[in-house]
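In: Got a sequence here, can you model it:
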Amino acid sequence: MSPTAIFEPVGHESLAQAVVAQIEDLIASGVLKQGRKLPSERDLAEMLRVSRPKLREALSVLEERGLVTTQHGEGTFVAALTGQAMMPALLALYERHEPAFFDYLEYRREQEGFAARLAARRATKADQERIAEILVENERAWRENDTKASQEADFALHSAIVDASQNATLIHIMASIYELTRKGVFYNRDFLKTIDGTGKQLLDQHMELGQAVIDGDEQRAEKAATDHIDFVEESFRLGIERNRREAIAEKRRLLSDYKMS
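Out: Take a look at the predicted model:
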């Protein structure tokens, strides 16, 4: 969708404040998320139908309020509003601390079930069309065994469902959580696929989740979301146990070879 459709022309009264109010509303509602780059000054002024001096005045107010940041030569971005969910040192610790991963899944299970239920109730036609398009991409990526595209479609589906919940707090917080997932913290999709085999179970789960939201079936959508996270949790538990058995078997083999030498 073109950014032109996102921003609306403003009237002549208090032009700078009208611009501030419109961008604040887009941020508060989760349309503009942290890290999102705004259109260029020229394009944004044209979309809002205000002069560039008035636009600069508005952006200055937004920057003073900590809502946007301007990077020289790069442009203006929505500021980091939720901050880092975790600092690098804690992330590194969590990667070495197995129980933390299951705490993460427990949190996601509850939040995504809640988000799916709200999305099924509140999704607009535009939300439903977006989810339907992502489902098509999920299926295409699986059919072509495109690992990178499958991962991106996975993230896109979960994000689209959270967006369709129309709950701004949930949208901003889960965007931060998904960023951890995107960076590979806690969640290794390739490892999960070794448990699934072909990735078909993951595809089926995503298709069911997205379709339930599109159909407006709240209970089915919530169940699909929580069933998906339960599958992820059980798969990782099985995988960890498998790796533990293989490590022990390898030690036995090494010890046997040592005794025979």
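
In: residue ranges with poor pLDDT in the stretch 101-250 of the chain?
Out: 180, 182-198 (pLDDT under 70).

In: How about the helix or strand harbouring residue 177, which residues are buried there?
Out: Residue 177 belongs to helix 168-182 when assigned by DSSP states H and E. Buried positions in helix 168-182, judged by neighbour count with 16 or more other C-beta atoms under 10 Å: 170-172, 174-181. Where C-beta positions appear, they are placed from N, C-alpha and C, glycine not excepted.

In: just stretch 218-228 next, same as before
Out: 218, 220-226, 228.

In: Run the chain-centre distance for that stretch.
Out: 18 Å (C-alpha atoms, centre = their mean, to the nearest Å).

In: Where do the strands of the stretch 1-150 of the chain begin and end?
Out: Secondary structure of the stretch 1-150 of the chain (DSSP state E, counting those that start in this stretch): strands at 68-71, 75-78.

In: Just the residues contacting the last one, thanks.
Out: When contacts are taken as C-beta atoms under 8 Å, 6 or more residues apart in numbering, the neighbours of strand 75-78 outside the stretch itself are 27, 32-38, 40-41, 59, 67-71.

In: Quick one: which of those residues has the lowest pLDDT value?
Out: Note: of the contacts of strand 75-78, the lowest pLDDT belongs to residue 34, at 80.

In: Could you measure from it over to residue 112?
Out: 20 Å (C-beta to C-beta, to the nearest Å).

In: and the two? which has more neighbours close in?
Out: Legend: neighbour count by other C-beta atoms under 10 Å for residue 34 and residue 112, higher for residue 112 (26 against 18).

In: quick one: the more buried one and residue 224 touch, right?
Out: No - in this structure, residue 112 is not within contact of residue 224 by C-beta atoms under 8 Å, at 9.7 Å.

In: all helices of this protein, in order?
Out: Here the chain has its helices, by DSSP state H, at 15-28, 41-48, 52-64, 88-96, 98-122, 125-143, 147-164, 168-182, 189-196, 200-215, 218-260.

In: Just name whatever secondary elements the helix holding residue 177 is in contact with.
Out: helix 98-122, helix 147-164 (3 or more C-beta pairs under 8 Å, 6 or more residues apart in numbering; DSSP states H and E).

In: Compute the inter-axis angle for that helix and helix 147-164.
Out: Orientation note: helix 168-182 sits at an angle of 170 degrees relative to helix 147-164 (axes from the mean of the first three to the mean of the last three C-alpha atoms, to 10 degrees).

In: list the contacts for residue 160?
Out: If you count contacts by C-beta under 8 Å, 6+ apart, residue 160 has them with 127, 130-131, 134.

In: same thing but at 7 Å, please
Out: Residue 160 is in contact with 130-131, 134, counting by C-beta atoms under 7 Å, 6 or more residues apart in numbering.

In: from the residues you listed, which single one is nearest residue 48?
Out: residue 130 (24.7 Å; C-beta to C-beta).

In: roughly how far apart are the closest one and residue 210?
Out: Taken as C-beta to C-beta, the span from residue 130 to residue 210 is 10 Å.

In: can you check residue 17 too?
Out: Taken as C-beta to C-beta, the span from residue 17 to residue 210 is 40 Å.

In: do residue 161 as well
Out: With C-beta to C-beta as the criterion, residue 161 and residue 210 are 7 Å apart.

In: Identify the contacts common to those two.
Out: Contacts common to residue 161 and residue 210, judged by C-beta under 7 Å, 6+ apart, are residue 131.

In: As CSV, the helices and strands packed on helix 168-182 with distance to residue 201 would be great.
Out: Formatted as CSV, the helices and strands packed on helix 168-182 follow (distance: least, C-beta to C-beta, whole Å):
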stretch, distance to residue 201
helix 98-122, 16
helix 147-164, 13
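
In: Mind checking the ones you listed for the one nearest to residue 254?
Out: helix 98-122 (24.1 Å).

In: picking that back up, list just the nearest of the contacts of strand 75-78 to residue 8.
Out: In terms of C-beta to C-beta, no member of the contacts of strand 75-78 lies closer to residue 8 than residue 32, at 13.7 Å.

In: burial of the closest one, as a residue count?
Out: For residue 32, the neighbour count with other C-beta under 10 Å is 21.

In: If anything else comes up later, I'll come back, but that's it for now.
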